[in-house]
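Visitor: pasting the sequence and the predicted model now:
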Amino acid sequence: MTNTRAVDLDHLPETVTAYLAAHNAHDTTTAASFFTTDATVVDDGRTHKGTEAITRWAEETGNAFTYTAAPVRAETVGADRYTVVQHLEGDFPGGQIDLCHHFTLREGRIAGLVIEP
């Protein structure tokens, strides 16, 4: 049984908040810099492994639609595992969605990120 607890958005690890700010600003170079070299991102059913693949993914997702994103809540299930729910609104199909960003950190960097509704 996991012990999930709420986290104040102002008390998330700096790596998580800085990544989200860079990604939401479509600053793909900065966003990719928060990942370990062997990190994995799973988004929309596709897996992206390593810095180069993650940078390409960030560029593709940043350019596909125009949107705004705002974190609405966060939780943790351990010292290095955080989930941040972001509310997105934009010109993508449906116009709005809440997405869960499940972060796994290693030595202060993002080793894994799974994004799902």
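Guide: Noted; the coordinates are in hand.

Visitor: contacts for the helix or strand of the chain with the lowest mean pLDDT, please.
Guide: Using mean pLDDT, DSSP states H and E, helix 51-64 stands out as the lowest-scoring helix or strand of the chain, at a mean of 89. Helix 51-64 is touched from outside by 23, 26, 28-29, 31-32, 35, 37, 39, 41, 43, 46, 48, 92, with contacts defined as Cβ atoms under 8 Å, 6 or more residues apart in numbering. Backbone N, C-alpha and C define where each C-beta goes, glycine included.

Visitor: go again using 6 Å as the cut-off
Guide: 26, 28, 31-32, 35, 37, 41, 48 (Cβ atoms under 6 Å, 6 or more residues apart in numbering).

Visitor: what are the buried residues along it?
Guide: For helix 51-64, a neighbour-count test (16 or more other Cβ atoms under 10 Å) marks 53-55, 57-58, 61-62 as buried.

Visitor: where do the helices sit along the protein?
Guide: Per DSSP state H, the chain carries helices over the ranges 14-24, 28-32, 51-64.

Visitor: show me what the first one is packed against.
Guide: In terms of contacts (3 or more Cβ pairs under 6 Å, 6 or more residues apart in numbering; DSSP states H and E), helix 14-24 is packed against helix 28-32.

Visitor: off-centre distance for the helix it packs on?
Guide: Relative to its parent chain, helix 28-32 has a centroid offset of 12 Å by Cα atoms, centre = their mean, to the nearest Å.

Visitor: related to what we said a few turns ago, could you export the least confident helix or strand of the chain as CSV, CA atoms only?
Guide: Only the C-alpha atoms of helix 51-64 are listed here, as CSV (Å, rounded to 0.1, in the frame of the first residue of the first chain):
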residue,chain,number,x,y,z
THR,A,51,18.3,13.5,-23.6
GLU,A,52,18.1,13.8,-27.4
ALA,A,53,14.8,11.9,-27.6
ILE,A,54,13.4,13.9,-24.7
THR,A,55,14.5,17.2,-26.4
ARG,A,56,12.7,16.1,-29.6
TRP,A,57,9.6,15.2,-27.7
ALA,A,58,9.6,18.6,-25.9
GLU,A,59,9.9,20.4,-29.2
GLU,A,60,7.1,18.4,-30.8
THR,A,61,4.7,18.8,-27.9
GLY,A,62,5.6,22.5,-27.6
ASN,A,63,4.9,23.2,-31.2
ALA,A,64,1.9,21.0,-31.8
